[in-house]
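# test case, fold it:
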Amino acid sequence: MITVYTDGSSLGNPGRGGWGALIKFDNGEFIELSGGYRYTTNNRMELLAIIEALSYLKKNSRHKSDSIMILTDSQLISNSINKKWLEKWSNTNWKKSDGSLVLNIDLWKKLLLLLEDMQVSFNWIAGHSGIAGNERCDTLCKLAAENAIHEDTEYLNSINQSLFDGDSANTNITTTESNSNSKSTKDKMELISTSYCGKYKIYLTDSKVRILGISGDSIEFPRDKFSKKLFL
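Numbering: from 1, shown residues only. Presented below is the predicted three-dimensional model:
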């Protein structure tokens with residue numbers, strides 16, 4: 001059996017995030033995997049750690065048919081598998097019992113696809129409890145978060161979509177008239193939205209969009225990459 005320790009973290013949640021996986025083989029060999037994203041969430045990194053580890057094993061044909069045991073400190077993930085939540089969500093158009101949509105559907109779908117033809121079991125372990133494999137993964141994901149260079153495109157798209165949908169429960173869009181006589185108008189950062197209980201704020205200039213997390217981390221991208229319909 002192959003044992004896989006996984007962990008994920010986000011500095012600010014959302015904020016700079018990283019995932020880490022430690023894969024241990026029966027012969028004593030092991031491999032470490034990790035990756036970081038500039039703006040993401042803790043749960044997305046927990047999921048991605050498992051997805052990346054399973055994807056690695058699937059690509060390596062000599063391990064594809066081996067039994068795999070995932071050891072995660074995420075109760076959400078272990079319960080979703082062992083209590084059949086994931087199976088239920090996929091059969092109810094990704095809606096929970098209260099009618100709300102499941103978060104991170106893109107990653108759950110990827111995990112579900114991987115599990116279709118792999119022998120995988122999930123076990124929950126307590127984080128920060130001295131378990132060597134888990135502690136190593138914690139270090140890996142924190143280092144990855146600190147040195148993150150990738151963009152979590154799907155997460156950024158979901159932020160954009162939440163604004164586009166105009167969900168009043170999650171989004172409060174405000175507008176501010178600019179002073180056309182001010183020399184600093186083009187550089188002024190205008191607050192246009194706060195979402196997900198104020199965990200991030202979105203600012204707008206004439207040419208850029210900036211998303212600022214509660215930890216102070218921020219990302220910027222051209223305004224024309226954001227949903228133009230938001231500003232009509």
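
# could you check how far residue 84 is from residue 92?
Distance, residue 84 to residue 92, using CB to CB, to the nearest Å: 12 Å. All C-beta atoms are positioned from the backbone trio N, CA, C, and that covers glycine.

# can you check residue 9 too?
For residue 9, the distance to residue 92 - CB to CB - is 30 Å.

# out of these two, which sits in the more crowded spot?
Between residue 9 and residue 92, residue 9 has the larger neighbour count (other CB atoms under 10 Å), namely 26 against 12.

# may I have the secondary structure class of the closest residue to that one other than its chain neighbours?
Leaving out its chain neighbours, the residue that sits closest to residue 9 by CB to CB, 6 or more residues apart in numbering is residue 141, at 4.8 Å. On the three-state scheme (DSSP: H, G, I helix; E, B strand; the rest coil), residue 141 is labelled helix.

# list the contacts for the residue lying closest to residue 72 once chain neighbours are set aside?
Nearest non-adjacent residue to residue 72, counting by CB to CB, 6+ apart: residue 6, 5.2 Å away. Applying CB atoms under 8 Å, 6 or more residues apart in numbering to residue 6 gives the contacts 19, 20, 21, 22, 46, 49, 50, 53, 70, 71, 72, 137.

# can you list those in a markdown table and add secondary structure, pLDDT and neighbour count?
As requested, these are exported to a markdown table (DSSP: H, G, I helix; E, B strand; the rest coil; pLDDT from 0 to 100; neighbours: other CB atoms under 10 Å):
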| residue | secondary structure | pLDDT | neighbour count |
| --- | --- | --- | --- |
| 19 | strand | 98 | 31 |
| 20 | strand | 98 | 29 |
| 21 | strand | 98 | 29 |
| 22 | strand | 98 | 24 |
| 46 | helix | 98 | 25 |
| 49 | helix | 98 | 32 |
| 50 | helix | 98 | 27 |
| 53 | helix | 97 | 26 |
| 70 | strand | 98 | 23 |
| 71 | strand | 98 | 21 |
| 72 | strand | 98 | 26 |
| 137 | helix | 97 | 31 |
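
# all helices for the protein, in order.
In the chain, the segments counted as helices under DSSP state H are 42-59, 75-82, 85-91, 105-115, 132-146, 153-165.

# just those: most buried one?
Mean neighbour count (mean count of other CB atoms under 10 Å) peaks for helix 42-59 among the helices of the chain, with a mean of 21.

# what's the spacing between residue 141 and residue 44?
12 Å.

# where does pLDDT dip in the protein?
61, 63-65, 160-206, 213-232 (pLDDT under 70).
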